[in-house]
Structure formats: C-alpha cells, structure tokens
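Visitor: show me the folded form of this:
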Amino acid sequence: MPDQSIVCTLFEGHYHFGVAALVNSLHKQGFRGDVYAGYRGLLPKWTDLPACNEQVNWKGGQSFQVTSDFRLHFLPIETNYHFTNFKPDFMLLIWSIVAENTNQIFYFDPDIVLVAPWEFLREWVTCGVALCEDVNSPLSENHPRRVAWRRYFSNNEITLKFRNAIYVNGGFIGVESKGFLQLWQKIQNLMAFKIGGLNRSSLTGESLLESNQGPFAPFGKTDQDALNATIEAWEGNVSFMGKEAMAFSAGTLMMPHALGQPKPWHWQPFIQSIHGLPPRQVDRAYWNAVNGVIKSQPYYRVFIKKITLNIAAFIGRFYRRGPL
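Guide: Next comes the predicted model:
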C-alpha cells in the first residue's frame, strides 16, 4: 500500500543517471508511493515508462507508473535559482500543490543511493527533522562561521541558539512540519542579499559577493549554511545521524552520497585507481542500483563496470594516495 510519505529530488543534465539509481534504491528498500522529480532541460530516454491514468497537478508535469504501487512524477521547474538553493521552495510547492495530504516529505540529492530500509526513515523522521552530518563537521559553538550567522540574522530579527557542533549536509532532509521548510526558505531569502542572489552557488565555481573570504565565508556553502543556520533558529526537535550515514566515515551506512566530481556514472575506476583513488562506497552502491524497476544503463555496461570496480578495488589494496 502506498505511503503517506513522499520523496522528491531536483536534477538537470546528466544527473538523471543519479535519479534512476535513487528511484531503484527507494523501491528496493521498500518505499511505495510517489516520487516527485523537479527538472530543467529534457527528460532522459529511460523515461519510456507507462503513463499514469491520473496526471499530476503541475503545469507540464508528466506522471509514470513504475509499478502498480510506485509512481514517478517529472515536474518542469521555471526558476533562475541554482537548484541547490531551491530545495525548501520545491518541497513547499509539492506539499501545497500536488501532495496536500502527505504527513512526511523527504528530499534526496540525485547523487545519493538509499541502502537503509524505508521503514527506518519513516520512523526516524518522527524523532525530529531528519538530517545527516557533513564531511566538514564539526563547527564549534564559537566557530567564526556560526558567529557570523548569529550576527547577520540577529539584524533581521531572527535569533539563533547553538544546539551542538554538528554541521549537517544539505543533500538530504526529512520533515513532518512545513514550519521548518518555511523558516529555511526565509533564511535563504535573507542570505540572498549577502551572496548576491539565489542563482549563485559555490558548486558552479561562480564567485559569491562574500567570496573574498574564500572557504571561511559565512555562506560559502549557500543552502547548506542556510540549513545549518535554520537548525539554530528552529525551536522544534532535530534528529542527527553521524558522518557514517552518508559514507563520510566508517560505520552503519544509510545513504552513500557522492560529493564532488566525477559522479559515479562518470567515475572511471581503473583510471582513478592508477592515480591512487580506489572505488568509493557510493560507486558500488550506484552500480548496484543503476538497473532495477528502471533501466537506465545497458546491461553490458553495468557488467563491465562492476568488473572494473573489482579490479580497481584490488589495486587499491596495495596502492592508494596517502593523506595530503
């Protein structure tokens, strides 16, 4: 039976390969219901799927029946925002336009693969806003970036209170309350004045207005910094998973997240291994999920890629790049 919870993501360009793996991993882990994928550009070839009898209430939206109890909706997005800064807006739009009756909404970046049971995520979000620790965590209470957030938002009548030193990743969030998303959206809109607009992001290499401070800029990570500031402004509960959840450290893996470039669908295992970079957990997770209820890669390519991953992993046992 379909969930009362829904899932959403945002993608453009080659990130459609990640969307397919994300959808397959969700289905494999037990999710049943509706996935909403906001996009710019053209739909990928693998969307040659049966159409739903009932189409989504979204201009230009297309709905596909992946299985009898799993639907995938593609929603064209018209915004000049960088997609990384559009997350709270997108989630609120879905909640208000196409999924008014949902009681839980989850956002995943399209370079994440879910490997934890879906029932666990549904239970997790009842503990508070569900978030995962970032690779750049922790940031202490009086870290200059946190202090800069407090000073900036206090001038805009928003009080930030330190919770703990965990700095979360912006690639995943699960909520049961619109209030947190509305607060995140408000904080991002205020941040826009500081960085020169929400069309800007450090992910594209584009300079921000405050970029003279480099990596020490208060909003160098734009949406992610705004998300962490929102945590300090939020009066409700927040439930954190550690770095191990996204495979940033050893431990119980939940949703490996492919940071940086190249992404798993562009990763060349053998070439990377020659440079001392063995396969990552997310690379294996991606190629294990690339074909499921959705077929996004030719079978021969998946077969060859898995062989080269094994060879690269073997090389990595003897030769890998040391710490810089």
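Visitor: residue ranges for the helices of the stretch 151-300 of the chain, please.
Guide: 178-195, 223-233, 269-274, 281-289, 299-316 (DSSP state H, counting those that start in this stretch).
Visitor: how far does the first one sit from its chain's centre?
Guide: Computed by Cα atoms, centre = their mean, to the nearest Å, the chain-centroid distance of helix 178-195 equals 18 Å.
Visitor: just the pLDDT for G316.
Guide: Listed pLDDT for G316 reads 65.
Visitor: where does the prediction get shaky in the stretch 151-300 of the chain?
Guide: 202-216, 267-270, 272-276, 278-279 (pLDDT under 70).
Visitor: swap the cut-off to 50 and go again
Guide: The stretch 151-300 of the chain contains residues with pLDDT under 50 at 210-212.
Visitor: so which of the helices of the stretch 151-300 of the chain comes closest to F11?
Guide: helix 281-289 (14.4 Å; Cβ to Cβ). All C-beta spots, glycine's among them, are computed from the backbone N, C-alpha and C.
Visitor: so the closest one versus helix 299-316, what angle?
Guide: 150 degrees (axes from the mean of the first three to the mean of the last three Cα atoms, to 10 degrees).
Visitor: one step back: could the helices of the stretch 151-300 of the chain go into TSV alongside distance to F162 and mean neighbour count?
Guide: Listed next are these as TSV, based on distance: least, Cβ to Cβ, whole Å; neighbours: other Cβ atoms under 10 Å:
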stretch	distance to F162	mean neighbour count
helix 178-195	16	19
helix 223-233	6	24
helix 269-274	39	17
helix 281-289	31	23
helix 299-316	40	15
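Visitor: tell me the contacts of L10?
Guide: 37-39, 77, 83, 86-87, 90, 109-110 (Cβ atoms under 8 Å, 6 or more residues apart in numbering).
Visitor: please apply the same query to E141.
Guide: Counted by Cβ under 8 Å, 6+ apart, E141 has contacts 162, 165.
Visitor: still on that earlier bit, so of the contacts of L10, which ones are in strands?
Guide: Among the contacts of L10, DSSP state E puts 37-39 in strands.
Visitor: next, format the residues you listed as CSV and append neighbour count and pLDDT.
Guide: Listed next are those as CSV, based on neighbours: other Cβ atoms under 10 Å; pLDDT from 0 to 100:
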residue, neighbour count, pLDDT
A37, 23, 96
G38, 25, 95
Y39, 21, 95
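Visitor: distance to H143 for the residues you listed - can I get that in CSV?
Guide: Compiled in CSV, the ones in strands among the contacts of L10 are given as follows (distance: Cβ to Cβ, whole Å):
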residue, distance to H143
A37, 35
G38, 33
Y39, 36
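Visitor: so Q62 versus A37, what's the distance?
Guide: Counting by Cβ to Cβ, to the nearest Å, the separation of Q62 from A37 is 10 Å.
Visitor: which residues are in contact with both of the two?
Guide: 73-74.
Visitor: name the helix or strand for the closest residue to Q182 other than its chain neighbours, please.
Guide: Distance criterion Cβ to Cβ, 6 or more residues apart in numbering; nearest residue to Q182, sequence neighbours excluded, is L92 at 6.8 Å. Using DSSP states H and E, the element containing L92 is helix 87-97.
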